[in-house]
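> next comes the sequence, and after it the predicted model I'd like to discuss.
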Amino acid sequence: MQVKTYIGNSTKEVLDAIKNELGSDAVILSSRERQKDGRRVYEITAGAERTEQTSAKDKASSAVPSGWDDWHKEWSKLKEQIYLLMQPSLQLDKLSPHQRVALEYLQREGVENEVIVQCYNLLLAHKAEEASMLKVLASLVPVKSFTFENYPQRLHIITGPYGVGKTSTVLRLALLRKVQVPHHRVAFINTDSLRGNGRVVLRHWADLSGFPYFEAPDKESMYGALKACGDANCIFVDMQGLAKNEKLEDKLRMLGLDTVQAHVHITISPHYQYLKELLKRYKSSFPTSLMWTKLDEAEHFAELINIAVWTGMPISALSFGAELQDSLIPAEEAQIWRLILKHQLPKG
């Protein structure tokens with residue numbers, strides 16, 4: 001992986017520089033604000049996979065058709081022009097003042113045009129009932145809180161891009177499950193045997209908490225780890241991030257997890273760009289939820305709406321802050337709307 005640190009006067013400026021140099025597949029590894037020469041600057045460390053040894057067959061199979069980039073850019077511009085043509089037909093005067101203000105606010109926050117049109121049509125369809133924007137959003141954004149009643153599965157696979165906080169999320173979920181069901185035995189399985197930081201942290205906290213910990217980078221060791229978990233009521237699998245051309249389904253098959261009963265939780269952060277391109281590689285046949293992390297580092301939260309509408313996956317948990325305790329909560333609609341509409345972070 002090629003790793004580089006970028007510094008700029010705003011988050012947008014830094015992210016644009018990362019995109020221009022490392023491409024849209026770059027993964028945010030860390031971000032922070034600091035003072036430099038008496039002014040505030042934003043520092044982001046990003047990485048991109050650089051696979052040196054690629055067979056001719058793999059190159060041929062993954063080759064992008066000629067003119068694809070130009071066609072994609074033209075289609076994106078065409079969609080914008082179609083929406084601009086549609087805007088006059090969005091007769092906002094047919095909405096109540098409260099509805100109109102809410103819709104315009106979502107536009108400014110960055111909710112995508114397609115979602116804005118859906119909201120408008122739903123508001124208009126329920127005009128007689130004076131439907132609130134919250135009711136409309138609730139019909140578009142599924143929420144399924146991470147509780148034992150909603151997620152009784154024994155095996156939970158936590159995945160997502162590098163740097164999004166998967167290992168911290170695994171620990172927080174384990175502590176949350178122990179609060180929810182105190183008598184449950186919890187175990188950890190780590191699939192990344194190469195990167196040291198996550199392994200050391202997970203093993204350390206597993207030892208402190210008395211949770212069994214196993215490493216399983218391949219199918220044989222995964223079968224052994226699942227067997228060694230014995231009568232554990234809840235097993236959290238900390239999946240390593242995917243390389244540029246990898247897909248989650250292939251990774252699960254390689255680990256022998258494609259035939260088990262499990263629930264996948266994708267950890268993502270709203271300050272990541274190109275989330276749709278990333279999430280295409282994280283699709284699987286397993287039931288899946290979204291867990292939003294590092295909410296305290298984001299400036300806007302429209303992506304919670306955009307991604308939920310695009311994937312149809314429910315939001316199950318919200319994570320914020322650096323502490324392990326009281327920094328992850330089961331998602332609830334009221335907390336999500338306060339986050340999006342008021343920029344009010346949840347409280348643990």
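Thanks, I have the structure now.

> with adjacent residues omitted, what lies nearest to residue 310?
Nearest residue to residue 310 in three dimensions, chain neighbours excluded: residue 276, at 6.3 Å (CB to CB, 6 or more residues apart in numbering). (Each C-beta comes from the backbone N, C-alpha and C, glycine too.)

> surely that neighbour and residue 309 touch.
No: counting by CB atoms under 8 Å, residue 276 stays clear of residue 309, with 11.2 Å between them.

> compare the two and say which is more crowded by neighbours.
Set side by side, residue 276 and residue 309 show more neighbours around residue 309, with 18 against 13, by other CB atoms under 10 Å.

> tell me who's in contact with residue 115.
Applying CB atoms under 8 Å, 6 or more residues apart in numbering to residue 115 gives the contacts 106, 140, 305-306, 309.

> and the residues you listed, which is closest to residue 315?
residue 305 (9.9 Å; CB to CB).

> contacting residues for residue 230?
Residue 230 is in contact with residue 212, counting by CB under 8 Å, 6+ apart.

> and the pLDDT at residue 102?
Predicted confidence (pLDDT) for residue 102: 89.

> element containing it?
Applying DSSP states H and E as the criterion places residue 102 in helix 97-109.

> so what touches that helix?
With CB under 8 Å, 6+ apart as the test, helix 97-109 has contacts from 92-93, 95, 115-116, 119-120, 123, 131-133, 300-302, 305, 340-341.

> I'd like to know which of the residues you listed are buried.
Buried members of those, scored by 16 or more other CB atoms under 10 Å, are 95, 115-116, 119-120, 123, 131, 133, 301-302, 305, 340-341.

> determine which two of those are furthest apart.
Largest separation among the buried ones among the contacts of helix 97-109 by CB to CB: 95 and 301, giving 22.8 Å.

> number of residues surrounding the nearest residue to residue 212 once chain neighbours are set aside?
In space, not counting the residues next to it along the chain, residue 212 is nearest to residue 187; the distance is 4.2 Å by CB to CB, 6+ apart. For residue 187, the count of nearby residues is 24 (other CB under 10 Å).

> can you check residue 314 too?
Residues lying near residue 314 (other CB under 10 Å) number 18.

> my guess is it meets residue 289, correct?
Yes: between residue 314 and residue 289 a contact is recorded at 5.3 Å, counting by CB under 8 Å.

> shared neighbours of these two, anything?
With CB under 8 Å, 6+ apart as the test, residue 314 and residue 289 both reach residue 144.

> let me see the confidence value for residue 172.
94.

> kindly report the same for residue 88.
Looking at residue 88, the pLDDT reads 46.

> tell me what the residue nearest the centre of the chain is bridged to.
Geometric centre of the chain, nearest residue: residue 268, 1.9 Å, by CA atoms, centre = their mean. Taking DSSP bridges as the rule, residue 268 bridges to residue 292.

> check contacts around it.
By CB under 8 Å, 6+ apart, the residues touching residue 268 are 160-161, 164, 275, 278-279, 290-293, 307.

> which ones among the residues you listed map onto helices?
When DSSP state H is applied, those are split such that 275, 278-279, 307 fall in helices.

> quick one: which of those has the most company?
residue 307 leads the ones in helices among the contacts of residue 268 on contacts (other CB under 10 Å) with 22 neighbours.
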